[in-house]
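Trainee: I'd like to go over a predicted model; first the sequence, then the structure.
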Amino acid sequence: MNLTDYRDITALLQRHGFRFSKSMGQNFLTAAWVPQQITAESGITPADGALEIGPGVGCLTVELAKTAGRVTAIELDERLRDVLDETLADFDNVSVVFADALKADLPVICAETLGERPWKVCANLPYNVTTPLITAFLEAGCFESVTVMIQKEVAQRLCAAPGTGEYGAFSVLVQWYAEPKLLFDVPPHCFVPQPKVTSAVVRMDRRAAPPASVDDEKFFFRTVRAAFAQRRKTLSNALRSAFSELDRAAIESAMEETGLPPAVRGETLSIAQFAALSNALLRKFDK
């Protein structure tokens, strides 16, 4: 059976009475080169454990099983249980866990199924949960790398540089924890059903340490979110809206200490500048 052949996929799904669910963002791959290239670009080796979210019929899972020491695939849709039992029957190094990845304790699942080998994420993520899943992977701090296929627009955002239209709070979060790299595009005709947008594969390698020093990481991210919450406002006004506990003078003083001009906008700040601003603002609370 060819898991990227439209006719084989259709026959497989019909045999098990499966119908696609729009609410789950289900789009299955029908181009063999895509799962092969994703697996190759992920850098996964036989020494690694691979975590996949949303295996679908298992076309990427099979490629990962050929390469990784062990594979754990987390699937939300119980209707795919019999499908995956059939398509993964030849592999004894794959565990399929039926759970909601957004609610599951990913480190615990990986510890139980992948063991002590290094863990790497490799997945074709459902479009409707891309941002919270990537956030969960990075905040967990236990994955050496995250290689995912996502909407191209989102991929561009997480790789964006300061001063660009795509740069935002999500860009800062991703680049705080990892070094992202946009690898290649995947056109709509490579899926069934075809999505209305182009996809892209991006790899995020976990940083050994954050790119800047902050006194309070939670407060740092609060500062970042505040800066981007109202993009049309200057940074000073955006911060005043978010930090009602501080008066205008305290906020302007923190910006001055950081070397930021009064009319600057948040989308122009680098991660290092956000870190310095966060530390300066936090000191104002201590006074």
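Mentor: All right, it came through fine. Numbering: from 1, shown residues only.
Trainee: Compute the number of surrounding residues for residue 185.
Mentor: Other residues within reach of residue 185 by the criterion other CB atoms under 10 Å amount to 13. For the C-beta atoms, the positions are set from N, CA and C on the backbone; glycine is no exception.
Trainee: Buried residues of whichever strand or helix holds residue 272, list them for me.
Mentor: In this assignment (DSSP states H and E), residue 272 forms part of helix 271-285. Applying a neighbour-count criterion of 16 or more other CB atoms under 10 Å, the buried positions in helix 271-285 are 271, 273-282, 284.
Trainee: now swap in stretch 78-90 and tell me
Mentor: 80, 83-84, 87-88.
Trainee: Now flag whichever of those is closest to residue 203.
Mentor: Of all those, the one with the least separation from residue 203 (CB to CB) is residue 88, at 24.5 Å.
Trainee: How about the contacts made by the closest one?
Mentor: 58, 61-62, 65, 94, 96 (CB atoms under 8 Å, 6 or more residues apart in numbering).
Trainee: let's see it at 6 Å
Mentor: If a contact means CB atoms under 6 Å, 6 or more residues apart in numbering, then residue 88 has 58, 94 as its contacts.
Trainee: Likewise for residue 58?
Mentor: Neighbouring residues of residue 58 by CB under 6 Å, 6+ apart: 84, 87-88.
Trainee: Mark out where each domain of the protein begins and ends.
Mentor: Taking automatic domain parsing as the criterion, the chain consists of the domains 6-206, 217-285.
Trainee: Using JSON lines, lay out those together with mean pLDDT.
Mentor: As requested, the domains of the chain are exported to JSON lines (pLDDT from 0 to 100):
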{"stretch": "domain 6-206", "mean pLDDT": "94"}
{"stretch": "domain 217-285", "mean pLDDT": "95"}
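Trainee: if we can go back for a sec, let's see which of the buried residues of stretch 78-90 end up in strands.
Mentor: Mapping the buried residues of stretch 78-90 onto strands (DSSP state E) picks out no residues; all lie outside.
Trainee: May I ask which two of these are separated the most?
Mentor: For these, the farthest-apart pair by CB to CB is 80 and 88; their separation is 10.8 Å.
Trainee: Spell out the secondary structure type for residue 92.
Mentor: Assigned with DSSP: H, G, I helix; E, B strand; the rest coil, residue 92 falls in the coil class.
Trainee: how far away is it from residue 227?
Mentor: When CB to CB, to the nearest Å is the yardstick, residue 92 and residue 227 sit 50 Å from each other.
Trainee: can you pull out the helices in the stretch 51-200 of the chain?
Mentor: Along the stretch 51-200 of the chain, the segments classed as helices by DSSP state H, counting those that start in this stretch run 59-67, 81-87, 106-113, 130-140, 152-158, 169-177.
Trainee: CSV please, covering those and showing distance to residue 246.
Mentor: Output for the helices of the stretch 51-200 of the chain, formatted as CSV (distance: least, CB to CB, whole Å):
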stretch, distance to residue 246
helix 59-67, 48
helix 81-87, 53
helix 106-113, 37
helix 130-140, 27
helix 152-158, 29
helix 169-177, 20
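Trainee: Go through those helices and pick out the most buried.
Mentor: For the helices of the stretch 51-200 of the chain, ranked by mean neighbour count under the definition mean count of other CB atoms under 10 Å, the leader is helix 59-67 at a mean of 23.
Trainee: tell me the contacts of residue 173?
Mentor: With contact taken as CB under 6 Å, 6+ apart, residue 173 is in contact with no other residue.
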